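[1] next input, structure requested:
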Amino acid sequence: MSVSEWREAKLCDIGEIVGGGTPSTKEESYYGGDIPWITPKDLSTHNERYIYRGEKSITEEGLKNSSAKLMPKGTVLFSSRAPIGYVAIAGKELCTNQGFKSLIPKNGVADSEFIYYLFKHKKSDIEAIANGTTFLEVSGSAMKNISILLPPLPEQKAIAATLSALDDMIELNNQINKTLEEMAQAIFKSWFVDFEPFKDGEFEESELGLIPKGWRVGVLGDIIDIFDSKRVPLSNRQRSVMEKKYPYYGAATLMDYVDNYIFEGVHVLLGEDGTVMDEKGYPILQYVWGKFWVNNHAHVLKGKGAFSDEYLYILLKNTNVASIVTGAVQLKINQNNLTGLKIIIPPEDVVKQYNDVVKDIFACFRSNTDEIKILTSLRDTLLPKLMSGEIRVPVE
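    Take a look at the predicted model:
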């Protein structure tokens, strides 16, 4: 099969472009139904190809009284504003808000998974045709007229299968990592929140409630080192070199001041300012390892002594860090508030026992994550070559 069998087409030739809508939020009866309702926010933390539900759902009444449209399984969702470029495939019948221009593929013409990867490949081109003053948006008419190079359906399926094989492994590793972290969390909660292994011992009152005798209330600064002082500005040239050599963490859109001190080993990063909170309103927390660098929008933390970085990571996940976030316009966690955060501090021998229990869990977590990075790089390298026909795949 030669690339000459591929043809020029427009998106409107291969499927129907469908917008979305939002039922009135003043009508409670429009929400809480059985119809999944997807917004761009739902896709901001979604790292799988298929989506089945969002944070909210709507009722039949809400659907009828809005411009939202029920779309079939296999519809390819593409966020057309705020931001442009989130992509997912409907795993069941669902609808979206007005932040999407979705494509319902024509049977026998276009494959859903191929279109999913095509949209990822064309993201920059689609962004380039966006218009708007308050925020950029891609119109329905602009989407319909986007030109693409379309292989025959069997080759579409073969291309999608090749890329999906990599995404299958990535998604499996993500699911395993989620389970591993949940295991570490469950053990931590059992030991250091519910005190289950210590129920038969003596307890005493503290300012944070009853705690096992011999434990104490302290502050986070007692068990961590902070490396914020090592951050200094880089020139654009230096930054370009560093980005290619080492993983970068921090606010991707706020890179004026970055770190030229290379960190090595396992660390915990906590959002400092600019991107303190994630999409769900929680402080950003990252468990990282190897050689890396950060900008000045993340605290770089390391546990002291027996208080391992794994213990610190799970501790912060179980601590109300949001209580020390300050700022109205720009949210911030300053170092004094962070080090002064009150925590329960167990004896070091108890923490060492926890570390022994979870060390293999986190070793597997790191191994899976490293594999995810390799698979992701391979997929992203193959994507433009497969979509252009530079690399061909066998069609059975």
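[2] outline the domain layout of this structure.
    10-150, 216-345 (automatic domain parsing).
[3] give me whichever of those domains is most buried.
    Mean neighbour count (mean count of other C-beta atoms under 10 Å) peaks for domain 10-150 among these, with a mean of 18. Glycine gets a C-beta too; all of them are placed from N, C-alpha and C.
[4] quick one: average pLDDT of that one?
    For domain 10-150, mean pLDDT rounds to 95.
[5] and it, how far out from the chain middle?
    Offset of domain 10-150 from its chain centre (C-alpha atoms, centre = their mean, to the nearest Å): 19 Å.
[6] start to end distance for that domain?
    End-to-end distance of domain 10-150: 9 Å, with C-alpha to C-alpha, to the nearest Å as the criterion.
[7] just stretch 190-205 next, same as before
    From start residue to end residue, stretch 190-205 stretches across 19 Å - C-alpha to C-alpha.
[8] run through who's touching it.
    Stretch 190-205 is contacted from outside by 210, 211, 212, 213, 315, 318, 344, 346, 350, 354, using C-beta atoms under 8 Å, 6 or more residues apart in numbering.
[9] how far off centre is it?
    Centroid separation for stretch 190-205 versus its chain: 35 Å, with C-alpha atoms, centre = their mean.
[10] how much space between residue 355 and residue 195?
    Residue 355 is 18 Å from residue 195, where distance means C-beta to C-beta, to the nearest Å.
[11] quick check: phi and psi on residue 195?
    Here is the backbone geometry of residue 195 (degrees, to the nearest 10): phi 60, psi 30.
[12] what ranges do the helices span in this protein?
    Ranges of helices within the chain are 11-14, 40-44, 60-64, 112-128, 140-144, 153-188, 236-245, 309-317, 335-339, 348-388, based on DSSP state H.
[13] among these, which comes closest to residue 394?
    Among the helices of the chain, the nearest to residue 394 by C-beta to C-beta is helix 153-188 (6.8 Å).
[14] okay, buried residues for the closest one please.
    155-164, 166-167, 169-171, 173, 177, 180-181, 184-185, 187-188 (16 or more other C-beta atoms under 10 Å).
[15] in this structure, what residue sits furthest out from the centroid?
    Largest separation from the mean C-alpha position in the chain: residue 202, at 42.6 Å (C-alpha atoms, centre = their mean).
[16] what about that residue, distance to residue 345?
    17 Å.
[17] so what's residue 84 up against?
    Counting by C-beta under 8 Å, 6+ apart, the residues that residue 84 touches are 123, 126, 127, 130, 136, 137, 138.
[18] OK, contacts around the second one?
    What that stands for is residue 126. Per C-beta under 8 Å, 6+ apart, neighbours of residue 126: 78, 84, 85, 119, 138, 143, 146.
[19] mind putting the residues you listed into JSON lines with distance to residue 49?
    What follows is these, written out as JSON lines (distance: C-beta to C-beta, whole Å):
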{"residue": "78", "distance to residue 49": "13"}
{"residue": "84", "distance to residue 49": "19"}
{"residue": "85", "distance to residue 49": "15"}
{"residue": "119", "distance to residue 49": "11"}
{"residue": "138", "distance to residue 49": "21"}
{"residue": "143", "distance to residue 49": "20"}
{"residue": "146", "distance to residue 49": "21"}
